[in-house]
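Participant: predicted model and sequence follow; I will ask about them next.
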Amino acid sequence: MFKAIIPDLFVQSIYEIDFIHLQHEGIKGVIVDLDNTLVAATRPDATPELVSWLDQLRGMGFRVMIVSNNNETRVSKFAMPLRVPYIHRANKPLGWSFRKAMDVLETRPEETVMVGDQLFTDVLGGNRIGLQTILVVPVSRSEGFFTKCNRLLEKIVFYWMKRRKWEAKR
């Protein structure tokens with residue numbers, strides 16, 4: 001039952017992801033959540049560190065796209081200055097937004113990684129269509145009502161994972 005919400009990798013932040021390793025595995029596209037994955041949900045723009053991270057990924061040949069459940073105003077104001085394509089109101093974990101992102105990125109599931117901070121949206125959605133999934137620790141505690149509800153359920157899953165001495169798949 002829990003397998004669908006178990007990430008391939010769990011890291012503290014996006015900056016700890018080994019993209020050289022992912023590149024060697026054939027990953028070409030990066031679908032990334034916005035709020036509490038890239039920046040705090042209350043931050044309107046990218047940090048200099050994030051801009052550098054995106055430039056580094058692009059320099060390595062990765063194609064990057066933001067897929068967010070947030071509204072168009074929030075996502076477009078963040079993504080457009082960075083020249084990053086995006087999907088707003090993605091209804092994650094439903095698969096249509098991930099498939100549309102892969103169409104834009106011109107990648108297949110085995111060439112794409114989903115990076116996000118939530119098990120029941122980002123990881124579940126990515127796992128359902130065969131993406132490699134990476135869970136990051138949320139960058140902020142500031143969250144909306146539904147995310148807070150998801151966090152309660154996540155605590156149960158993390159407890160289960162800890163009891164079974166879960167480790168990343170790789």
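Facilitator: Cool, the structure landed.

Participant: my read: residue 60 touches residue 17, true?
Facilitator: No. Contact criterion C-beta atoms under 8 Å: residue 60 and residue 17 do not qualify, at 11.7 Å. Bear in mind the C-beta positions are built from the backbone N, C-alpha and C, glycine included.

Participant: give me the more crowded residue out of the two.
Facilitator: residue 17 (19 against 12; other C-beta atoms under 10 Å).

Participant: how near is the more buried one to residue 37?
Facilitator: According to C-beta to C-beta, to the nearest Å, residue 17 and residue 37 sit 11 Å apart.

Participant: list residues touching both of these two?
Facilitator: Common neighbours of residue 17 and residue 37 (criterion: C-beta atoms under 8 Å, 6 or more residues apart in numbering): residue 115.

Participant: residue ranges of the helices in this structure, please?
Facilitator: Taking DSSP state H, the helices of the chain run over residues 19-24, 48-59, 72-79, 96-105, 124-128, 145-163.

Participant: weakest of those helices in terms of mean pLDDT?
Facilitator: Mean pLDDT is lowest for helix 145-163 among the helices of the chain, at a mean of 61.

Participant: torsion angles phi and psi at the nearest residue to residue 35 once chain neighbours are set aside?
Facilitator: Among residues not flanking residue 35 along the chain, residue 41 sits closest, at 3.9 Å (C-beta to C-beta, 6 or more residues apart in numbering). Backbone geometry at residue 41, expressed as degrees, to the nearest 10, gives phi -60, psi -20.

Participant: I'd say residue 41 and residue 69 touch.
Facilitator: No. Contact status for residue 41 versus residue 69: not in contact, 11.0 Å apart, counting by C-beta under 8 Å.
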